[in-house]
Structure formats: C-alpha cells, structure tokens
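> Sequence plus the predicted model coming up.
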Amino acid sequence: QKEVEQNSGPLSVPEGAIASLNCTYSDRVSQSFFWYRQYSGKSPELIMSIYSNGDKEDGRFTAQLNKASQYVSLLIRDSQPSDSATYLCAVFYGNNRLAFGKGNQVVVIP
Amino acid sequence: EPEVTQTPSHQVTQMGQEVILRCVPISNHLYFYWYRQILGQKVEFLVSFYNNEISEKSEIFDDQFSVERPDGSNFTLKIRSTKLEDSAMYFCASRWGTGGGYEQYFGPGTRLTVT
C-alpha cells in the first residue's frame, strides 16, 4: 500500500472556479499533513499545513483533514492562471521525513 | 524572508565521479533533509539530520551517499561514485524544530546530470 496516494489525473478548471484535490494516506498514526505547490522545474513550495480534523483556510486555499478516513483535501477558490502547477500532498512520517504523493496537475484556463 | 539556498543549480558529472551538493538551511532551523526527484516521478526522502547526526535514512541512501554539516551554516550531500540513475533534482529542506510545527521549507534544488 502506497504511503500517500493522489490518484486524480490532470485537472482543468476555468478561471474563477474552484479546484478540488484529494489525497489519502496509509499510516493512521500520522498527525501532520501538508500541501506543496510545484511549478515545472522548480522546488516544492509549502502552501498549507494542517494538523487537526476539519477545515483550515488561508486566503483562497482551504485544507480539509479527516483522520478517521485518512483523507486530506485542498480547495483552491477563485482559481487564477498563476495557480496552474502540480500540487503535492505530503505526510510527515515517523517524526523525521515527509512522504509525498505523485501530485495532481492543475491547469487553470483563462 | 529567510530561505534555503543550494549550490550549484546544475551539476554535470561523469559516471563514477564524486559530487558534493551544498545547502545553506534557514538559520535557527535545527532539522535538515535531503530529498530527490527523478524527472516525472515523485519527491523521495533520502536522509534527515539533527544534532549533527543522521536521524533517519531511506533505502536509497546507501554507502555511496553521505551528509555532513561542516560548519554552522552549510549542509552537504556527497555521492562518492555517481551512477546514471543518480541523475535527478536534489532538494535540501529544513525545519525549525522543538515547539514549532513540522513545516519543511525547500531550497531551489540542484539538477544533477550523470553522463
């Protein structure tokens, strides 16, 4: 079983719409979850962290965590062309390392 | 805003050669990491480093790899005898530590090309 799974293919959304990304993880003990944005050829950039069940909002981004279902999601409201990137779900494992999903590519169409 | 820096941005080397990738973590951060990303694949953990010793390493981090914090600011990754399959982006990351969150901040990366 993969540690972190992001199964959706590329997501195309019109400018101004909401983009919704999902992630599941395998280790019930994990307590710390992150979303990174990665532009092509660049490094991961931290955009959200979430530690407790429920929603956490930061600007146009909302992260949602459900530990019982081992599920993390990211909503991007009012999507902009600059949001076009790959979004990486990451889970902090064993007190020492991040495990990343494969990422979801988001394309915002003007 | 403080950031992680890495040098060089691109390193080309021949198979069997040694390379050293350099990183300057964010000052006052206590935990340091190396990750790599092969083109088109996911980001993979290599090693974590705290209090001048390795905390955890992955299966990728074999005897060909080593890390060092030679002074108060630099953090290096050495690959002793590079292989073609070592070609990847190598990212250094750091996080604050005790009492803080677990957020890791990544440097811009070094693209390693082994020919």
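Looks like it arrived, so ask away.

> Near chain A, which residues of chain B? Just list them.
B:33, B:35, B:41-45, B:48, B:55-56, B:58, B:89, B:91, B:93, B:101-109 (CB under 8 Å from any CB of the partner chain). All C-beta spots, glycine's among them, are computed from the backbone N, C-alpha and C.

> Pull out the buried residues from those residues.
B:33, B:35, B:42-45, B:48, B:55-56, B:58, B:89, B:91, B:93, B:102-109 (16 or more other CB atoms under 10 Å in any protein chain shown).

> can you give me the strands for chain B?
B:5-7, B:10-13, B:19-24, B:31-37, B:44-50, B:53-57, B:65-68, B:75-79, B:88-95, B:105-106, B:110-114 (DSSP state E).

> Same check on chain A?
Secondary structure of chain A (DSSP E): strands located at A:4-5, A:11-14, A:19-25, A:33-38, A:45-50, A:54-58, A:61-66, A:71-76, A:85-93, A:97-100, A:104-109.

> Could you spell out the sheet neighbours of the first one, each with its direction?
The reference is to strand A:4-5. Paired neighbours of strand A:4-5 in the sheet (DSSP bridges): strand A:19-25 (antiparallel).

> The strand it pairs with - what's its average pLDDT?
Strand A:19-25 shows a mean pLDDT of 96.

> could you list every residue that touches B:Glu103?
A:34, A:46, A:49, B:95-96 (CB atoms under 8 Å, 6 or more residues apart in numbering or on different chains).

> can you rerun that using 7 Å?
A:34, A:46, A:49, B:95 (CB atoms under 7 Å, 6 or more residues apart in numbering or on different chains).

> now swap in A:Arg60 and tell me
A:Arg60 sits in contact with A:76-78, where contact means CB under 7 Å, 6+ apart.

> Return a selection command, for use in PyMOL, containing the buried ones of those residues.
Paste this into PyMOL to select the buried members of these, with burial taken from 16+ other CB under 10 Å:
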select buried, chain A and resi 76
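
> could the contacts of A:Arg60 be laid out in JSON lines, adding distance to A:Leu11 and pLDDT?
Output for these, formatted as JSON lines (distance: CB to CB, whole Å; pLDDT from 0 to 100):
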{"residue": "A:Ile76", "distance to A:Leu11": "10", "pLDDT": "98"}
{"residue": "A:Arg77", "distance to A:Leu11": "14", "pLDDT": "98"}
{"residue": "A:Asp78", "distance to A:Leu11": "15", "pLDDT": "98"}
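
> now, which of the contacts of A:Arg60 sits nearest chain B?
Nearest to chain B among these: A:Ile76, at 19.3 Å, using CB to the nearest CB.

> State the distance from the closest residue to that closest one other than its chain neighbours to A:Glu57.
Nearest non-adjacent residue to A:Ile76, counting by CB to CB, 6 or more residues apart in numbering or on different chains: A:Ala19, 4.2 Å away. Per CB to CB, to the nearest Å, A:Ala19 is found 15 Å from A:Glu57.

> Mind checking which of the two has more residues around it?
A:Ala19 (23 against 12; other CB atoms under 10 Å in any protein chain shown).
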